[in-house]
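*Asks:* the sequence isn't on hand, but the structure is:
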């Protein structure tokens with residue numbers, strides 16, 4: 001037996017589930033739940049289902065709620081300890097990633113720093129090596145230039161000194177060729193030649209003083225001392241020749257004059273040889289700044 005609801009309730013029930021949009025039109029409603037559909041509510045028939053249908057509908061609705069409760073139960077009743085364990089695992093993973101990235105960045109930075117320091121150290125070693133080679137090359141060039149300059153100064157002094165000795169020796173030969181029995185013309189000719197040679201030797205000796213000063217400037221001090229000894233030994237030689245020449249002028253020459261001249265010549269020439277030996281030792285390739 002069907003029970004008919006009053007008209008007012010029949011019109012209100014369907015409208016309770018309707019929604020309207022911004023324009024005022026009713027929105028489509030969701031389909032009725034399985035239990036409500038079984039009751040026939042909202043179907044538009046306007047009839048109330050029978051008692052058996054109601055019982056079946058409430059049973060279905062109860063089962064649906066139970067199943068939803070069973071589904072939601074595992075999510076709602078998860079123990080708090082398990083949730084903490086899950087959070088700890090997530091945080092551990094996050095921290096591990098951050099620490100790993102930080103360690104990687106630090107490692108990359110350290111590697112770059114080590115590489116940079118190594119390159120800088122190699123560059124310093126290369127620069128020091130090049131500087132050392134440049135210094136050695138400059139030292140070798142300076143030594144070679146010094147050796148050539150000294151050699152030129154020593155050679156000029158030795159040649160000039162040798163010319164003075166040679167000129168004095170020629171003057172001595174002219175004087176030694178004069179004999180008491182020679183005609184006066186021949187005797188005068190030899191005497192004038194000896195005087196001319198002695199004057200030439202004195203002029204060259206003045207130039208020798210300038211060359212001696214250059215030897216002092218070039219150094220070392222041993223060479224200056226040797227040059228001074230060589231020029232100093234020429235003084236007795238000049239004196240011996242001029243004394244012999246004065247004796248010839250007065251026709252008072254003796255063999256003693258010739259012996260004095262020879263002795264002075266040997267002494268002076270020996271000093272010149274000592275200078276040459278010292279010059280050779282100083283201008284060897286292994287010369288050192290002294």
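*Replies:* Structure received. This structure is a prediction, so every number in the text was calculated from the model and none was measured. Numbers count the residues shown, from 1 in each chain.
*Asks:* in the stretch 101-250 of the chain, which spans are strands?
*Replies:* Assigned by DSSP state E, counting those that start in this stretch, the stretch 101-250 of the chain shows no strands.
*Asks:* which residues of it score low on pLDDT?
*Replies:* 101-103, 105 (pLDDT under 70).
*Asks:* what ranges do the helices span in it?
*Replies:* Listed in chain order, the helices of the stretch 101-250 of the chain (DSSP state H, counting those that start in this stretch) span 184-218, 221-249.
*Asks:* redo the ones you listed as a markdown table? Include mean neighbour count and distance to residue 118.
*Replies:* Every C-beta, even on glycine, is put in place using the N, C-alpha and C of the backbone. Below are the helices of the stretch 101-250 of the chain laid out as a markdown table (neighbours: other CB atoms under 10 Å; distance: least, CB to CB, whole Å):
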| stretch | mean neighbour count | distance to residue 118 |
| --- | --- | --- |
| helix 184-218 | 16 | 49 |
| helix 221-249 | 18 | 51 |
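*Asks:* could I get the ones you listed in JSON lines, plus columns for distance to residue 106?
*Replies:* JSON lines is the format used below for those (distance: least, CB to CB, whole Å):
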{"stretch": "helix 184-218", "distance to residue 106": "65"}
{"stretch": "helix 221-249", "distance to residue 106": "66"}
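*Asks:* got a list of what residue 262 touches?
*Replies:* Counting by CB atoms under 8 Å, 6 or more residues apart in numbering, residue 262 touches residue 172.
*Asks:* what kind of secondary structure is it in?
*Replies:* helix (DSSP: H, G, I helix; E, B strand; the rest coil).
*Asks:* any figure for the gap between it and residue 194?
*Replies:* Remark: distance between residue 262 and residue 194 (CB to CB, to the nearest Å) = 15 Å.
*Asks:* do residue 252 as well
*Replies:* Residue 252 is 15 Å from residue 194, by CB to CB.
*Asks:* kindly report the same for residue 153.
*Replies:* Going from residue 153 to residue 194 by CB to CB gives 32 Å.
*Asks:* before we move on, what about residue 136?
*Replies:* Distance of residue 136 to residue 194, computed by CB to CB: 57 Å.
*Asks:* out of the helices of the stretch 101-250 of the chain, flag the one nearest residue 143.
*Replies:* For the helices of the stretch 101-250 of the chain, proximity to residue 143 was assessed by CB to CB; helix 184-218 is nearest, at 13.5 Å.
*Asks:* what's that closest one packed up against?
*Replies:* Contact analysis of helix 184-218 by 3 or more CB pairs under 8 Å, 6 or more residues apart in numbering; DSSP states H and E lists helix 80-176, helix 221-249 as its packing neighbours.
*Asks:* what's the closest of those to residue 257?
*Replies:* Closest among the helices and strands packed on helix 184-218, once you apply CB to CB, is helix 221-249, at 4.0 Å.
*Asks:* just want the angle from that closest one to helix 80-176.
*Replies:* 10 degrees (axes from the mean of the first three to the mean of the last three CA atoms, to 10 degrees).
*Asks:* list the contacts of the closest residue to residue 242 other than its chain neighbours.
*Replies:* Closest residue to residue 242 apart from its sequence neighbours, by CB to CB, 6 or more residues apart in numbering: residue 198 at 6.2 Å. Contacts for residue 198 were tallied using CB under 8 Å, 6+ apart; they are 167-168, 171, 238, 241-242, 245.
*Asks:* one more pass at 10 Å, please.
*Replies:* By CB atoms under 10 Å, 6 or more residues apart in numbering, the residues touching residue 198 are 167-168, 170-172, 174-175, 238, 241-242, 244-245.
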